[in-house]
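In: Show me how the following folds:
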Amino acid sequence: MADRAHGRNAIRALLARQGAEAVIPSMPQRNPVIPHDREAYKARNEVERIFNNLKHFRAVATRYDKRDDNYLASVRIASVRIWLRSYEPVA
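Out: Next up, the predicted model:
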């Protein structure tokens, strides 16, 4: 899955050779417009947003902890904080 900027024919051909399905929406001015799976593209966007939110936590973005288990704990704590934020009352 990729962004619109990666929708060139060469990239689509490479994905097809590897047996992958291109879930890349075509640019609006492209003629003819190439169809894509909107639901799969939405799922990709949600995952990308989660990673973007995780990068707001300095310890996760810069990987302060060099041990895998400590880093995973930092990612989990950051994920819980993001999840809890979604339940904060809006004042």
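
In: Mean pLDDT per helix and strand in this structure: which one sits at the bottom?
Out: helix 9-17 (a mean of 79; mean pLDDT, DSSP states H and E).

In: Convert that one to PDB, retaining C-alpha atoms only.
Out: Extracted in PDB, the C-alpha atoms of helix 9-17 (Å, rounded to 0.1, in the frame of the first residue of the first chain):
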ATOM      1  CA  ASN A   9       3.100   2.500 -13.700                       C
ATOM      2  CA  ALA A  10       6.600   1.200 -12.800                       C
ATOM      3  CA  ILE A  11       5.700   0.800  -9.100                       C
ATOM      4  CA  ARG A  12       2.300  -0.900 -10.000                       C
ATOM      5  CA  ALA A  13       4.200  -3.300 -12.400                       C
ATOM      6  CA  LEU A  14       6.700  -4.100  -9.600                       C
ATOM      7  CA  LEU A  15       3.900  -4.900  -7.200                       C
ATOM      8  CA  ALA A  16       2.100  -7.100  -9.800                       C
ATOM      9  CA  ARG A  17       5.400  -9.100 -10.400                       C
END
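
In: Below-threshold pLDDT in this protein: ranges please.
Out: For the chain, the stretches with pLDDT under 70 are 1-7, 91.

In: in the least confident helix or strand of the chain, what's buried?
Out: Within helix 9-17, the residues that count as buried by 16 or more other C-beta atoms under 10 Å are 12, 15. Where C-beta positions appear, they are placed from N, C-alpha and C, glycine not excepted.

In: for the helix or strand just after that helix, the distance to its chain's centre please.
Out: Using DSSP states H and E, the next helix or strand after helix 9-17 towards the C-terminus is helix 38-54. Chain-centre distance of helix 38-54: 4 Å, with C-alpha atoms, centre = their mean, to the nearest Å.

In: if we can go back for a sec, who are the packing partners of the least confident helix or strand of the chain?
Out: Here helix 9-17 touches no other helix or strand, going by 3 or more C-beta pairs under 8 Å, 6 or more residues apart in numbering; DSSP states H and E.

In: Good, we can wrap up now.
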